[in-house]
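Colleague: could you work out the structure for the sequence below:
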Amino acid sequence: MANQIDERVKPFEVKMGKSIASLDSEFGTIRAGRANPHVLDRITVDYYGTPTPLQQVANISVPEARMIQIQPWEASLVKEIEKAIMMSDLGINPSDDGRVIRLVFPELTEDRRKELVKEVKKKAEGAKVAIRNIRRDANDAFKKLAKEDVSEDEIKELEEQTQKLTDKYIKEVDQMVDVKSKEIMTV
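Modeller: Reported below is the predicted structural model:
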């Protein structure tokens, strides 16, 4: 029983895993010097009156290290896509030739890199809070088990397993921060 995770702890582990996955996708939208098509993940375009994800109305490619090329499937979407990019928090002005839109990513300044690292740490702190909240919810659920004739030792064991999971996932968040921060600070 010591190494095996109790069935009653597993749902909380799944939730902690989802917090990590969510943080990973958040990190994907933070741009570090190189062009990464995931920075466009949150951008939606007005497609016949419906907000539609950019990936569903255009082909997105990275022809050069610091350039993203967007080729809409319909030429009429070029202006809509440009408008959506300009209204986003991307901070890059698109250029087009009437058919293809290009986003050229400038080299990041030292100050901007430091700002991005702060943003990474802030998002990571949010993930840690979410993980700790899941631990709290788990412990609350386990305390209620006392009313169902579950021994105090068993409840303590469940809480210890949950704490070990919490420590594991918090450590994983810290490692993700280190990796992303190094990526951002690498010129």
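
Colleague: the strands in the chain, which residues?
Modeller: 44-47, 50-53, 58-64, 67-72, 95-96, 101-104 (DSSP state E).

Colleague: present those as CSV; the columns should include mean neighbour count.
Modeller: Heads up, the C-betas are built off the backbone N, CA and C, glycines and all. Formatted as CSV, the strands of the chain follow (neighbours: other CB atoms under 10 Å):
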stretch, mean neighbour count
strand 44-47, 17
strand 50-53, 12
strand 58-64, 14
strand 67-72, 20
strand 95-96, 12
strand 101-104, 18
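
Colleague: okay if I get those strands as TSV plus distance to T29 and mean pLDDT?
Modeller: Shown next, in TSV, are the strands of the chain (distance: least, CB to CB, whole Å; pLDDT from 0 to 100):
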stretch	distance to T29	mean pLDDT
strand 44-47	14	89
strand 50-53	13	90
strand 58-64	14	90
strand 67-72	13	91
strand 95-96	22	88
strand 101-104	14	90
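
Colleague: can you list the ones you listed in a markdown table and add distance to I131?
Modeller: What follows is the strands of the chain, written out as a markdown table (distance: least, CB to CB, whole Å):
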| stretch | distance to I131 |
| --- | --- |
| strand 44-47 | 29 |
| strand 50-53 | 28 |
| strand 58-64 | 32 |
| strand 67-72 | 33 |
| strand 95-96 | 42 |
| strand 101-104 | 34 |
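
Colleague: residue contacts, K122?
Modeller: Counting by CB atoms under 8 Å, 6 or more residues apart in numbering, K122 touches no other residue.

Colleague: measure it to K128 for me?
Modeller: Per CB to CB, to the nearest Å, K122 is found 11 Å from K128.

Colleague: which residues touch the spatially closest residue to A58 that is not a sequence neighbour?
Modeller: Of all residues not flanking A58 in the chain, P72 sits nearest, at 4.4 Å (CB to CB, 6 or more residues apart in numbering). For P72, the contacting residues are 57-58, 78, 81, 101, by CB under 8 Å, 6+ apart.

Colleague: how does this protein divide up, domain by domain?
Modeller: Domain assignment for the chain, taken from automatic domain parsing, gives 10-28+109-185, 37-104.

Colleague: next one: A65 from N36, what distance?
Modeller: Taking CB to CB, one finds A65 at 10 Å from N36.
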